[in-house]
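[1] A predicted structure for the sequence below; I have some questions about it.
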Protein chains: 2
Amino acid sequence: MLQINPDRLWQSLMDLARIGATEKGGVRRLTLTDTDRRGRDQFVAWCKEAGMTVEVDGIGNIFGRRAGTEVDALPVAMGSHLDSQPSGGKFDGAYGVMAGLEVVRTLNDADIRTRAPIEVAAWTNEEGSRFVPTLMGSGVFAGVFSLENALEAKDVDGISVREALASTGYAGKARPHQLGAYFEAHIEQGPVLEQTKTTIGVVLGALGQRWFDVLIAGQDSHAGPTPMETRKDALLAASRLVIEVNRIATTFPDYARGTVGFMQVKPNSRNVVPGEVRTTVDLRNAKDATLSSMVEELKRCVARIAADCRVEIDLKEVVYFPPSEFAADLVESVREGSKKFGYSHRDIVSGAAHDAVYMARIAPTAMVFVPCEGGISHNEIENARPEDIAAGCNVLLHAVLGCAGTA
Amino acid sequence: MLQINPDRLWQSLMDLARIGATEKGGVRRLTLTDTDRRGRDQFVAWCKEAGMTVEVDGIGNIFGRRAGTEVDALPVAMGSHLDSQPSGGKFDGAYGVMAGLEVVRTLNDADIRTRAPIEVAAWTNEEGSRFVPTLMGSGVFAGVFSLENALEAKDVDGISVREALASTGYAGKARPHQLGAYFEAHIEQGPVLEQTKTTIGVVLGALGQRWFDVLIAGQDSHAGPTPMETRKDALLAASRLVIEVNRIATTFPDYARGTVGFMQVKPNSRNVVPGEVRTTVDLRNAKDATLSSMVEELKRCVARIAADCRVEIDLKEVVYFPPSEFAADLVESVREGSKKFGYSHRDIVSGAAHDAVYMARIAPTAMVFVPCEGGISHNEIENARPEDIAAGCNVLLHAVLGCAGTA
C-alpha cells in the first residue's frame, strides 16, 4: 500500500521552521516579510526539485504543478499557507503545504502518473497579522475580494501588499484558474481529537460566524448610597448577556458555539456601579438556519435584559461569515483513507476559518485535521506528534489519488 | 420659631464655590492646595466675623468655637469638609461646614446663648483624592490613624501632608479634644430622598463595607475550535459572580448592597475564550452580622462557580469597615426637628462613609441628609435645591440647640 515518507515530511517541516524560528521553538514569519520570502523561496526550490512547474499569481499565491496524463483535466490541488502569526508555531499552515509537497514526492518515488494534474498551493496572507483581511490570497483567488483592493491593504508602517509583493519578488502574473478539487491538511487548533484520542478529523465543513459589537448604556452611581432597586448597572446587564450567550451555545444543535471574549467597563472603579460596558458576541454554527435562530434568541435575550436592568443595549452585527459544507464525495474519500490505513477518525467541523473555506466556494473541497498538543495554536508552543502528521498526509495522499485518478 | 437665613446660607455656599470653580459649574479644591487654602481662609474669616475663636490642630482640622455659658460643658460640634474631588461639586462637604456656620450666625442674630459651647469643624482631606487615606482629618481626631503616619502621606508629586500643611499655613498646634455631640449635614449622594420626594433623611448610621479582590484563572482558547463543554471561561465565571453578588444584595436584609464595579479581561479579544479575569466585590450592610452572612454566602457561590466553570477563583478581602450606628437620642432630635418644621422625612442609612462615621467612635453622632439632584455627586453637575439646603440647616439648628441647651 502506497505510503508517504514520514521522516522526509517531518524533516521538511523542521527545515521550514528554521526560517523565522523563535527562541521558544515557534515561528515568526509574517506575510511578505523577508523571512516569508525565504520560506517561499525554499518551497519553490523544493517544488522544482520535485519536478514541478511553479507559477505565482497577482496576489502572490504560489502553485507548484505536477502534470497529469489528461491534458484537459482540471487540477486536483492541495495547500495551505506559509505565513505565521507574530508568535506562531511550526505547523499552522506549513503542515498543509509540506503535506502537499510530500504527496508529490511520494508519487514521484513510486513513479505514479495521475490522470489529472496535481497542484500544491501556498496561499498568501492567511493569518491577517500584517495585512487585513485574513485569508487574503485564497479570497482573491476565489473572487471574494478584488485583487486591486487586496493590493492596496497596508501594514502598520504604511507598506502596501503591492509594495511588499514587489520587494519580495512574488508579484506574479498567473491568472486564477479552475480547480477540479481542493484538499487541505491542517492541525485541528482545538482539543477534540487529542481528548478523544483520535488521529484523523474528517472535516465536514466550517462553522458559520456572526459577530456583534454590543454597547450597554446604564448609569454610573455610587456603590454605597445607591439602592439595588434603582440601579442601572451596565455590568450586571453584560453579565446576564454572557450567561445567555453561553446558554444559547450549549442548548442549540449543530456544533453551536458562543463566546464573549471582550469586555470594557466604565468607569471601572470598585465602588462605582458601572454605567457603560462595551462587549462583543461571537456566535458560530454549522447550519445557517440554526445560526439565524441563535441570533434571534440572542436578540430576545438582549431585549429582556435591557428591560430587566433598565439599560439600553445596542447590538450591531459586524461580521457574517456563512457556514461552509464541504463536498460529500471528497469528505467520504478522507473517511475512507482513514479506514484504509486503520487510523482512528471522527467527523468534525472546523470552528475556525481556513483557506479551504473560500476554496469551497469555487471547487469541491475537503480538509483533513490532525491533533495538536493541548489544542493550542497561534502560539510558539504549538506542537503535533510526527505519527499524526504522517497519518494526515497518508489520508491526503489517498484522497488526492482517488480524485486525480491514476493513468 | 427660630429659623436660619436661607439666602445667607445659599450665598455663602455660592461664594465658597467660587474658590476653585470649574467651567461646568463644579468645584476643584483638592486638599491643602492653594485653592483649598483660600477656601479655608474664607471659612476662618467668616468664623471670626461671627465672633468665634478659631483653632487648628496638627492635621489641619479647623475648629470655629462659640463659647457657651457653662464653663465645663463639652462642645456640641457640627461640621464636614471643604476639600473636593478633582471634578467635584458645590455641596459635598461644603454644605455641612456652611450649615454649621449658618447655625452660629442665626444664634448670633437671635442673641441666643447656649449652655454648651458650639463648634464648627472643617475636617482635612475627607475625599482622599490627593492624599490617602480618605477621612484623614476626622480619622486622626478620632484616633483611627496616628498623626505621624498621616503627616507622612504623599501625593503623586511626592509632597507630604506635613509639607502641604506648612505651605498653606494650616499646621496647627491644637490637641484633639472631647466633644459632647457631633452633627453633620450632607447631601445624600444617592437617589432615595429625591425619588421619594422627601426633604430630610434621618440618618440612622452608615453601612459597613467589606471589599474583595478577585482573580479568576481559566484557560484561554480559540472561540471557534473549542467546544463549549471543554472551556475554562474566566469571563463566564466572572459573570456568574456578578449575578450572585447582585442576588445576595437584593435578598439579604438590613440595607444590603453589593457591587462589582471593576473588571479586567485577558486576553480581551472577541474570538478568544477569556483565560483570566480580575474583578472586585464590594458588599455593604447596616448590620455586621448580616454583612458576615453575605460574605459567607459569597464564599459559597465562589466555590460553586469555580467547580462549575472549571476555573480557579482567588477571593482576597482588602477592606473591612464596620457598620456604624448613630446615637439614638441625637437621631431622634433630627427626626423631631423635621416634624417641628413640617418637613417630609424618612429614616435612611448612609451607604458611603463620612467624617461622622469616625466621629461616631468618640462622640454621640448624627447626620442630616438632604436630597441632591439625580442622586449625583463627585461630579461637577452635583446640585441641590435652595429650599432643601435651608431645610437641612433648620433641622441641624433644632438638633444642636436641643443638645447644647439654652442659657
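    Okay, I see it. Computed from a predicted structure; not experimentally measured.
[2] do you know how far residue A:63 is from residue A:137?
    Applying CB to CB, to the nearest Å, the value for residue A:63 to residue A:137 is 11 Å. Backbone N, C-alpha and C define where each C-beta goes, glycine included.
[3] the more surrounded of these two?
    When residue A:63 and residue A:137 are compared for neighbours, residue A:137 comes out ahead with 28 against 24, by other CB atoms under 10 Å in any protein chain shown.
[4] quick one: the more buried one and chain B, what's the gap?
    Residue A:137 is 20 Å from chain B, where distance means CB to the nearest CB, to the nearest Å.
[5] One more: residue A:306?
    Taking CB to the nearest CB, one finds residue A:306 at 16 Å from chain B.
[6] Shouldn't residue A:281 be within a strand?
    Yes - per DSSP: H, G, I helix; E, B strand; the rest coil, residue A:281 lies within a strand segment.
[7] Quick check, pLDDT for it.
    Looking at residue A:281, its pLDDT is 98.
[8] Is residue A:230 in contact with residue B:195, as I believe?
    Yes - counting by CB atoms under 8 Å, residue B:195 is a contact partner of residue A:230 at 6.6 Å.
[9] intersection of neighbour lists for the two?
    residue B:375 (CB atoms under 8 Å, 6 or more residues apart in numbering or on different chains).
[10] which non-adjacent residue is nearest the residue in the stretch 251-400 of chain A that chain B sits nearest to?
    Nearest residue of the stretch 251-400 of chain A to chain B: residue A:351, at 3.1 Å (CB to the nearest CB). Leaving aside its chain neighbours, residue A:351 sits nearest to residue B:224 (3.1 Å; criterion: CB to CB, 6 or more residues apart in numbering or on different chains).
[11] Around chain B, which positions in the stretch 251-400 of chain A sit nearby?
    Residues of the stretch 251-400 of chain A lying near chain B by CB under 8 Å from any CB of the partner chain: A:256-265, A:267-274, A:280, A:282, A:284, A:350-353, A:375-378.
[12] for chain A, which spans come out with low pLDDT?
    Nowhere does chain A drop to pLDDT under 70.
[13] Please list all residues in contact with the residue most central in space within it.
    The C-alpha lying nearest the average C-alpha coordinate of chain A belongs to residue A:354 (CA atoms, centre = their mean; 2.9 Å). Contact analysis of residue A:354 by CB under 8 Å, 6+ apart lists A:80, A:126, A:135, A:184, A:186, A:206, A:367.
[14] Skipping adjacent residues, who's closest to the spatially most distant residue from the centre of chain A in space?
    Here chain A reaches farthest from its C-alpha mean at residue A:225, the gap being 50.4 Å by CA atoms, centre = their mean. In space, residue A:225 comes closest to residue B:190 once its chain neighbours are excluded; the distance is 2.8 Å by CB to CB, 6+ apart.
[15] doesn't the one you found fall inside a helix?
    No - note on residue B:190: no helix contains this position according to three-state DSSP, which reports coil.
[16] can you pull the contacts of it?
    Residue B:190 is in contact with A:221, A:222, A:224, A:225, A:226, A:227, B:351, B:352, B:375, counting by CB under 8 Å, 6+ apart.
[17] of those residues, closest to residue A:167?
    residue A:221 (56.1 Å; CB to CB).
[18] if I look at that closest one, how far off is residue B:188?
    Taking CB to CB, one finds residue A:221 at 12 Å from residue B:188.
[19] Tell me which residues touch residue A:1, please.
    Counting by CB under 8 Å, 6+ apart, residue A:1 has contacts A:340, A:341.
[20] hmm, 10 Å instead?
    Shown in contact with residue A:1 (CB atoms under 10 Å, 6 or more residues apart in numbering or on different chains): A:340, A:341, A:394, A:398.
[21] what about the second one, neighbour count?
    Read that as residue A:341. Neighbourhood size, residue A:341 [other CB under 10 Å]: 18.
[22] Show the backbone phi and psi for it.
    Main-chain dihedrals, residue A:341, degrees, to the nearest 10: phi -90, psi 0.
[23] Same question for the one 5 residues further on.
    In terms of degrees, to the nearest 10, the main-chain angles of residue A:346 are phi -150, psi 150.
[24] That one and residue A:396: what is the separation?
    Distance from residue A:346 to residue A:396, by CB to CB: 17 Å.
[25] same thing with residue A:185?
    Distance, residue A:185 to residue A:396, using CB to CB: 5 Å.
[26] what do these two both touch?
    Counting by CB under 10 Å, 6+ apart, the residues touching both residue A:185 and residue A:396 are A:78, A:96, A:99, A:100, A:102, A:103, A:334, A:367, A:368.
[27] in terms of contact, does residue A:53 touch residue A:63 like I think?
    Yes - assessed by CB atoms under 10 Å, residue A:53 is found in contact with residue A:63 at 8.6 Å.
[28] Keep only those of the shared contacts of residue A:185 and residue A:396 that are in helices.
    Under the assignment DSSP state H, the shared contacts of residue A:185 and residue A:396 contribute A:96, A:99, A:100, A:102, A:103, A:334 to helices.
[29] would a markdown table of those residues with neighbour count be doable?
    Listed next are those as a markdown table, based on neighbours: other CB atoms under 10 Å in any protein chain shown:
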| residue | neighbour count |
| --- | --- |
| A:96 | 33 |
| A:99 | 32 |
| A:100 | 29 |
| A:102 | 29 |
| A:103 | 28 |
| A:334 | 28 |
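[30] joint contacts of residue A:53 and residue A:63?
    A:47, A:119.
[31] which residues of the stretch 201-350 of chain A fall in strands?
    With strands called from DSSP state E, counting those that start in this stretch, the stretch 201-350 of chain A shows them at A:208-217, A:221-222, A:257-259, A:263-266, A:272-273, A:276-285, A:312-321, A:324-325, A:345-350.
[32] what would those strands look like in TSV with mean neighbour count?
    Output for the strands of the stretch 201-350 of chain A, formatted as TSV (neighbours: other CB under 10 Å):
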stretch	mean neighbour count
strand A:208-217	21
strand A:221-222	23
strand A:257-259	28
strand A:263-266	20
strand A:272-273	24
strand A:276-285	24
strand A:312-321	14
strand A:324-325	20
strand A:345-350	20
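[33] With distance to residue A:145 added, can I get those in TSV?
    As requested, the strands of the stretch 201-350 of chain A are exported to TSV (distance: least, CB to CB, whole Å):
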stretch	distance to residue A:145
strand A:208-217	17
strand A:221-222	47
strand A:257-259	26
strand A:263-266	30
strand A:272-273	45
strand A:276-285	22
strand A:312-321	13
strand A:324-325	16
strand A:345-350	21
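[34] and residue B:42, which of these is closest to it?
    For those, distance to residue B:42 was read as CB to CB. The smallest value, 28.1 Å, belongs to strand A:221-222.
[35] Overlap in contacts, residue A:221 and residue B:188.
    By CB under 10 Å, 6+ apart, the residues touching both residue A:221 and residue B:188 are B:375, B:377.
[36] How much space separates the residue of the stretch 51-200 of chain A found nearest chain B from residue B:360?
    Closest approach between the stretch 51-200 of chain A and chain B, counting by CB to the nearest CB: residue A:190, at 2.7 Å. Between residue A:190 and residue B:360 the computed distance is 59 Å (CB to CB).
[37] so residue A:340 makes contact with residue A:394?
    Yes - using CB under 10 Å, residue A:340 makes contact with residue A:394 at a distance of 8.6 Å.
[38] Which one of these two is surrounded by more residues?
    Between residue A:340 and residue A:394, counted using other CB under 10 Å, the more crowded position is residue A:394 (26 against 12).
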